[in-house]
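Undergrad: sequence below, structure please.
(one chain, ligands or ions: 1)
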Amino acid sequence: MSGQEPVLQVEDVRLGFAGVTAIDGVTFDVRPSELLAVIGPNGAGKTSVFNVLSGVYRPQRGRVTFLGQDLLALPPHRIAALGLARTFQNVELFHNLTVLDNLMLGRHHHFRYGAAAAVLWFGRARRAELAARERVEEIVDFLELERWRRHPVRLLPYGIQKRVELGRALAMEPRLLLLDEPVAGMNVEETEDMARFVLDVRDELGVPIVMVEHDMGLVMDLADRVLVLDFGRPVALGTPAEVRGDPAVIRAYLGGAA
Ligand SMILES: Nc1ncnc2c1ncn2[C@@H]1O[C@H](COP(=O)(O)OP(=O)(O)OP(=O)(O)O)[C@@H](O)[C@H]1O
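TA: Next up, the predicted model:
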(Lines give C-alpha, C1' and ligand atoms only; values in the text may rest on other atoms or scores of the structure.)
Protein backbone atom coordinates (compact mmCIF):
# COMPACT_ATOMS: atom_id res chain seq x y z
CA MET A 1 0.00 0.00 0.00
CA SER A 2 1.42 3.44 -0.91
CA GLY A 3 1.88 6.02 1.83
CA GLN A 4 -0.88 8.22 0.46
CA GLU A 5 -3.71 5.73 0.40
CA PRO A 6 -6.34 6.26 3.08
CA VAL A 7 -5.85 4.33 6.30
CA LEU A 8 -9.60 4.05 6.79
CA GLN A 9 -12.43 4.16 4.27
CA VAL A 10 -16.06 4.41 5.34
CA GLU A 11 -18.60 4.13 2.54
CA ASP A 12 -22.31 4.80 2.72
CA VAL A 13 -22.80 3.37 6.20
CA ARG A 14 -26.25 3.07 7.72
CA LEU A 15 -26.94 2.01 11.31
CA GLY A 16 -30.42 1.96 12.80
CA PHE A 17 -32.06 0.70 15.99
CA ALA A 18 -35.70 -0.42 15.83
CA GLY A 19 -37.04 2.53 13.90
CA VAL A 20 -34.35 5.04 14.99
CA THR A 21 -31.77 5.92 12.36
CA ALA A 22 -28.48 6.59 14.15
CA ILE A 23 -26.39 7.23 11.01
CA ASP A 24 -27.21 7.08 7.32
CA GLY A 25 -25.18 7.68 4.17
CA VAL A 26 -21.98 8.32 6.13
CA THR A 27 -18.92 8.34 3.86
CA PHE A 28 -15.42 9.59 4.69
CA ASP A 29 -11.81 8.51 4.68
CA VAL A 30 -8.84 9.10 6.96
CA ARG A 31 -5.46 9.74 5.37
CA PRO A 32 -2.04 8.91 6.81
CA SER A 33 -1.06 11.27 9.66
CA GLU A 34 -4.38 13.11 9.42
CA LEU A 35 -6.52 14.39 12.28
CA LEU A 36 -10.16 14.18 11.25
CA ALA A 37 -12.72 15.65 13.66
CA VAL A 38 -16.32 14.42 13.72
CA ILE A 39 -18.72 17.05 15.03
CA GLY A 40 -22.46 17.63 15.19
CA PRO A 41 -25.25 18.51 17.61
CA ASN A 42 -26.33 16.08 20.35
CA GLY A 43 -27.70 12.87 18.89
CA ALA A 44 -26.14 13.54 15.47
CA GLY A 45 -24.55 10.08 15.35
CA LYS A 46 -20.95 10.74 16.36
CA THR A 47 -20.73 7.97 18.96
CA SER A 48 -22.49 5.62 16.56
CA VAL A 49 -19.71 6.19 14.00
CA PHE A 50 -17.15 5.18 16.64
CA ASN A 51 -19.20 2.17 17.64
CA VAL A 52 -19.31 0.98 14.04
CA LEU A 53 -15.56 1.51 13.57
CA SER A 54 -14.65 -0.39 16.72
CA GLY A 55 -17.04 -3.25 15.93
CA VAL A 56 -19.49 -2.65 18.81
CA TYR A 57 -22.36 -2.31 16.32
CA ARG A 58 -22.81 -3.83 12.86
CA PRO A 59 -24.29 -1.42 10.32
CA GLN A 60 -27.16 -2.60 8.14
CA ARG A 61 -25.49 -1.14 5.07
CA GLY A 62 -22.12 0.11 3.85
CA ARG A 63 -18.44 -0.79 3.90
CA VAL A 64 -15.61 -0.03 6.32
CA THR A 65 -12.06 -0.81 5.21
CA PHE A 66 -9.07 -0.39 7.54
CA LEU A 67 -5.60 -0.82 6.04
CA GLY A 68 -7.17 -2.76 3.20
CA GLN A 69 -9.15 -5.13 5.47
CA ASP A 70 -12.91 -5.37 5.70
CA LEU A 71 -13.62 -4.32 9.31
CA LEU A 72 -17.26 -5.35 9.27
CA ALA A 73 -16.26 -9.00 9.13
CA LEU A 74 -14.27 -8.78 12.38
CA PRO A 75 -15.17 -8.87 16.10
CA PRO A 76 -14.03 -5.93 18.32
CA HIS A 77 -10.94 -7.67 19.73
CA ARG A 78 -9.65 -8.47 16.21
CA ILE A 79 -10.22 -4.87 15.17
CA ALA A 80 -8.25 -3.69 18.21
CA ALA A 81 -5.46 -6.16 17.40
CA LEU A 82 -5.23 -4.71 13.88
CA GLY A 83 -4.26 -1.41 15.50
CA LEU A 84 -7.49 0.51 15.91
CA ALA A 85 -7.37 1.93 19.46
CA ARG A 86 -10.04 3.96 21.22
CA THR A 87 -10.41 6.22 24.22
CA PHE A 88 -13.79 6.80 25.86
CA GLN A 89 -15.87 9.80 26.95
CA ASN A 90 -15.55 8.68 30.57
CA VAL A 91 -12.25 7.53 31.99
CA GLU A 92 -12.15 3.75 31.54
CA LEU A 93 -9.08 2.64 33.47
CA PHE A 94 -8.34 0.23 36.32
CA HIS A 95 -8.54 2.82 39.08
CA ASN A 96 -6.71 0.84 41.76
CA LEU A 97 -3.78 -0.01 39.49
CA THR A 98 -0.80 2.25 38.89
CA VAL A 99 -0.21 4.26 35.73
CA LEU A 100 2.47 1.76 34.65
CA ASP A 101 0.18 -1.24 35.17
CA ASN A 102 -2.65 0.40 33.23
CA LEU A 103 -0.29 1.04 30.34
CA MET A 104 1.02 -2.54 30.49
CA LEU A 105 -2.55 -3.78 30.18
CA GLY A 106 -2.87 -1.75 26.99
CA ARG A 107 -0.25 -4.05 25.50
CA HIS A 108 -1.83 -7.35 26.40
CA HIS A 109 -2.72 -8.31 22.83
CA HIS A 110 0.94 -8.04 21.90
CA PHE A 111 1.76 -10.96 24.19
CA ARG A 112 1.63 -13.97 21.93
CA TYR A 113 1.82 -16.62 24.62
CA GLY A 114 -0.67 -18.13 27.05
CA ALA A 115 -0.14 -19.11 30.67
CA ALA A 116 1.35 -22.51 29.77
CA ALA A 117 3.70 -20.97 27.23
CA ALA A 118 4.78 -18.45 29.83
CA VAL A 119 5.99 -21.36 31.96
CA LEU A 120 7.37 -23.54 29.16
CA TRP A 121 9.10 -20.81 27.16
CA PHE A 122 10.08 -18.61 30.00
CA GLY A 123 12.81 -16.87 27.98
CA ARG A 124 10.47 -15.79 25.23
CA ALA A 125 7.78 -14.60 27.62
CA ARG A 126 10.33 -12.71 29.64
CA ARG A 127 11.75 -10.99 26.56
CA ALA A 128 8.25 -9.91 25.52
CA GLU A 129 7.61 -8.55 29.01
CA LEU A 130 10.86 -6.59 29.03
CA ALA A 131 10.17 -5.11 25.59
CA ALA A 132 6.69 -4.13 26.75
CA ARG A 133 8.07 -2.40 29.86
CA GLU A 134 10.55 -0.50 27.73
CA ARG A 135 7.83 0.70 25.36
CA VAL A 136 5.58 1.68 28.28
CA GLU A 137 8.40 3.77 29.79
CA GLU A 138 8.80 5.54 26.44
CA ILE A 139 5.11 6.40 26.49
CA VAL A 140 5.42 7.66 30.08
CA ASP A 141 8.19 10.01 28.90
CA PHE A 142 6.31 11.06 25.78
CA LEU A 143 3.20 12.03 27.78
CA GLU A 144 5.20 13.50 30.67
CA LEU A 145 3.71 11.11 33.23
CA GLU A 146 7.00 10.36 35.08
CA ARG A 147 5.97 11.76 38.45
CA TRP A 148 2.77 9.70 38.52
CA ARG A 149 4.04 6.42 37.09
CA ARG A 150 3.71 4.43 40.34
CA HIS A 151 0.55 6.19 41.59
CA PRO A 152 -2.81 4.43 41.53
CA VAL A 153 -4.91 6.09 38.86
CA ARG A 154 -7.72 6.92 41.30
CA LEU A 155 -5.46 9.41 43.14
CA LEU A 156 -4.62 11.42 40.01
CA PRO A 157 -6.26 14.66 38.85
CA TYR A 158 -8.89 14.15 36.15
CA GLY A 159 -6.78 15.67 33.37
CA ILE A 160 -3.92 13.28 34.17
CA GLN A 161 -6.30 10.29 34.20
CA LYS A 162 -7.39 11.26 30.68
CA ARG A 163 -3.72 11.44 29.68
CA VAL A 164 -3.15 7.94 31.09
CA GLU A 165 -6.07 6.75 28.98
CA LEU A 166 -4.37 8.21 25.93
CA GLY A 167 -1.20 6.43 27.02
CA ARG A 168 -2.99 3.11 27.29
CA ALA A 169 -4.29 3.54 23.74
CA LEU A 170 -0.74 4.36 22.57
CA ALA A 171 0.55 1.24 24.30
CA MET A 172 -1.52 -0.74 21.80
CA GLU A 173 0.77 0.62 19.04
CA PRO A 174 -2.24 2.04 17.21
CA ARG A 175 -2.31 2.56 13.47
CA LEU A 176 -5.46 4.65 13.94
CA LEU A 177 -6.59 6.32 17.14
CA LEU A 178 -10.22 7.13 17.96
CA LEU A 179 -10.52 9.86 20.59
CA ASP A 180 -13.99 10.27 22.09
CA GLU A 181 -14.27 13.78 23.56
CA PRO A 182 -10.66 13.93 24.81
CA VAL A 183 -11.09 17.26 26.64
CA ALA A 184 -14.63 16.86 28.00
CA GLY A 185 -14.78 18.12 31.59
CA MET A 186 -11.27 19.60 31.53
CA ASN A 187 -10.21 23.05 32.68
CA VAL A 188 -8.34 25.41 30.36
CA GLU A 189 -4.87 24.25 31.37
CA GLU A 190 -5.75 20.56 31.09
CA THR A 191 -7.33 21.22 27.68
CA GLU A 192 -4.19 22.97 26.43
CA ASP A 193 -2.01 20.11 27.65
CA MET A 194 -4.20 17.49 26.02
CA ALA A 195 -4.28 19.46 22.74
CA ARG A 196 -0.49 19.51 22.73
CA PHE A 197 -0.25 15.76 23.31
CA VAL A 198 -2.85 14.99 20.63
CA LEU A 199 -0.85 17.02 18.12
CA ASP A 200 2.36 15.26 19.20
CA VAL A 201 0.72 11.89 18.60
CA ARG A 202 -0.14 12.95 15.05
CA ASP A 203 3.04 14.86 14.23
CA GLU A 204 5.76 12.94 16.09
CA LEU A 205 4.32 9.43 16.12
CA GLY A 206 2.52 9.88 12.79
CA VAL A 207 -0.60 8.17 14.08
CA PRO A 208 -3.78 9.25 12.25
CA ILE A 209 -6.62 10.30 14.54
CA VAL A 210 -10.40 10.48 14.39
CA MET A 211 -11.66 12.75 17.17
CA VAL A 212 -15.21 13.40 18.35
CA GLU A 213 -15.22 16.65 20.28
CA HIS A 214 -17.73 19.34 21.29
CA ASP A 215 -15.09 22.01 22.02
CA MET A 216 -15.29 23.89 18.73
CA GLY A 217 -12.20 26.01 19.38
CA LEU A 218 -10.15 22.86 19.82
CA VAL A 219 -11.61 21.22 16.72
CA MET A 220 -10.91 24.24 14.54
CA ASP A 221 -7.35 24.52 15.92
CA LEU A 222 -6.36 20.88 15.66
CA ALA A 223 -8.25 19.21 12.83
CA ASP A 224 -6.95 18.81 9.30
CA ARG A 225 -10.50 18.08 8.14
CA VAL A 226 -13.88 18.11 9.82
CA LEU A 227 -16.87 15.85 9.16
CA VAL A 228 -20.16 17.41 10.26
CA LEU A 229 -23.13 15.17 11.05
CA ASP A 230 -26.72 16.21 11.64
CA PHE A 231 -29.52 13.75 12.39
CA GLY A 232 -27.18 10.94 11.37
CA ARG A 233 -26.41 12.38 7.96
CA PRO A 234 -23.20 14.00 6.76
CA VAL A 235 -23.81 17.68 5.99
CA ALA A 236 -20.21 18.79 5.33
CA LEU A 237 -16.67 17.45 5.04
CA GLY A 238 -13.72 19.80 4.56
CA THR A 239 -11.01 21.87 6.18
CA PRO A 240 -11.97 23.85 9.31
CA ALA A 241 -12.12 27.05 7.20
CA GLU A 242 -14.40 25.42 4.63
CA VAL A 243 -16.71 23.91 7.20
CA ARG A 244 -16.93 27.01 9.40
CA GLY A 245 -18.57 29.10 6.69
CA ASP A 246 -20.81 26.36 5.27
CA PRO A 247 -24.50 27.39 5.48
CA ALA A 248 -25.60 23.77 6.04
CA VAL A 249 -23.31 23.56 9.08
CA ILE A 250 -24.53 26.85 10.50
CA ARG A 251 -28.14 25.66 10.02
CA ALA A 252 -27.41 22.34 11.76
CA TYR A 253 -25.96 24.10 14.78
CA LEU A 254 -28.56 26.84 15.04
CA GLY A 255 -31.36 24.29 14.60
CA GLY A 256 -29.76 21.91 17.12
CA ALA A 257 -28.92 24.49 19.78
CA ALA A 258 -30.77 23.85 23.02
N1 LIG B 1 -28.02 1.48 21.34
C2 LIG B 1 -28.92 2.34 20.84
N3 LIG B 1 -30.25 2.04 20.85
C4 LIG B 1 -31.16 2.90 20.34
N5 LIG B 1 -30.86 4.09 19.81
C6 LIG B 1 -29.57 4.46 19.78
C7 LIG B 1 -28.52 3.63 20.30
N8 LIG B 1 -27.34 4.26 20.13
C9 LIG B 1 -27.63 5.44 19.54
N10 LIG B 1 -28.96 5.57 19.34
C11 LIG B 1 -29.65 6.71 18.74
O12 LIG B 1 -28.95 7.08 17.57
C13 LIG B 1 -28.89 8.50 17.45
C14 LIG B 1 -27.44 8.95 17.40
O15 LIG B 1 -26.84 8.77 18.70
P16 LIG B 1 -25.31 8.97 19.01
O17 LIG B 1 -25.09 8.62 20.45
O18 LIG B 1 -24.49 8.29 18.01
O19 LIG B 1 -25.18 10.57 18.83
P20 LIG B 1 -24.00 11.55 19.28
O21 LIG B 1 -23.78 12.49 18.14
O22 LIG B 1 -22.84 10.78 19.74
O23 LIG B 1 -24.67 12.33 20.49
P24 LIG B 1 -23.96 13.06 21.77
O25 LIG B 1 -23.27 14.26 21.25
O26 LIG B 1 -25.16 13.43 22.60
O27 LIG B 1 -23.06 12.06 22.43
C28 LIG B 1 -29.66 9.09 18.62
O29 LIG B 1 -30.99 9.33 18.20
C30 LIG B 1 -29.63 7.94 19.63
O31 LIG B 1 -30.75 8.00 20.48
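Undergrad: switch to C-alpha atoms for all contacts and neighbour counts from now on
TA: Will do.
Undergrad: phi, psi for the residue of the stretch 151-258 of the chain found nearest the ligand please.
TA: Here the stretch 151-258 of the chain gets closest to the ligand at one residue, G232, 6.4 Å apart by CA to the nearest ligand atom. For G232, the backbone dihedrals (degrees, to the nearest 10) come out as phi 80, psi 0.
Undergrad: likewise for D215?
TA: According to degrees, to the nearest 10, D215 has phi -70, psi 100.
Undergrad: quick revisit: which non-adjacent residue is nearest the residue of the stretch 151-258 of the chain closest to the ligand?
TA: Leaving aside its sequence neighbours, G232 sits nearest to I23 (CA to CA, 6 or more residues apart in numbering; 3.8 Å).
Undergrad: what about that neighbour, how many residues nearby?
TA: Counted by other CA atoms under 10 Å, the residues lying close to I23 total 27.
Undergrad: wait, is it part of a strand?
TA: Yes: counting by DSSP: H, G, I helix; E, B strand; the rest coil, I23 is part of a strand.
Undergrad: spit out the contact partners of it.
TA: V13, R14, L15, G16, A44, G45, S48, V49, F231, G232, R233 (CA atoms under 8 Å, 6 or more residues apart in numbering).
Undergrad: most neighbours out of these, which is it?
TA: Most surrounded of the contacts of I23: other CA under 10 Å gives G45, at 26 neighbours.
Undergrad: quick check: domain ranges of this protein?
TA: The chain breaks down into these domains under automatic domain parsing: 1-83+174-258, 97-171.
Undergrad: and the last one, average pLDDT?
TA: Domain 97-171 carries an average pLDDT of 84.
Undergrad: what segments of the stretch 1-150 of the chain are helices?
TA: 46-53, 76-82, 99-106, 115-120, 122-142 (DSSP state H, counting those that start in this stretch).
Undergrad: which non-adjacent residue is nearest E11?
TA: Nearest non-adjacent residue to E11, counting by CA to CA, 6+ apart: T27, 4.4 Å away.
Undergrad: my error: substitute V64 in the last question.
TA: V10 (4.6 Å).
Undergrad: ok, now which ones touch that neighbour?
TA: With CA under 8 Å, 6+ apart, V10 has these contacts: V26, T27, F28, D29, G62, R63, V64, T65.
Undergrad: can you pick the most crowded of those?
TA: The contacts of V10, ranked by neighbours (other CA under 10 Å): first place V64, 22 neighbours.
Undergrad: so the spatially most central residue of the chain: helix, strand or coil?
TA: For the chain, the residue nearest the mean C-alpha position is L178 (1.5 Å; CA atoms, centre = their mean). Here L178 is strand, with the state taken from three-state DSSP.
Undergrad: then P174?
TA: If you use three-state DSSP, then P174 falls in the coil class.
Undergrad: ok, how many other residues are close to the residue nearest to it when sequence neighbours are not counted?
TA: Excluding the flanking residues, the one nearest P174 by CA to CA, 6+ apart is G83, at 4.3 Å. Other residues lying near G83 total 18 when counted by other CA under 10 Å.
Undergrad: residues touching G83, list them.
TA: Contacts of G83 (CA under 8 Å, 6+ apart): M172, E173, P174, R175, L176.
Undergrad: may I see the buried residues of stretch 209-216?
TA: I209, V210, M211, V212, E213, H214 (16 or more other CA atoms under 10 Å).
Undergrad: so which helix or strand takes in the last one?
TA: Using DSSP states H and E, H214 falls within no helix or strand.
Undergrad: same thing with the second one?
TA: Remark: V210 resides in strand 209-212, with elements defined by DSSP H and E.
Undergrad: what does that strand rub up against?
TA: Strand 209-212 has contacts (CA under 8 Å, 6+ apart) with 30, 33-39, 46-47, 176-182, 202.
Undergrad: just these that are near the ligand?
TA: Filtering the contacts of strand 209-212 for proximity to the ligand by CA under 6 Å from any ligand atom leaves K46, T47.
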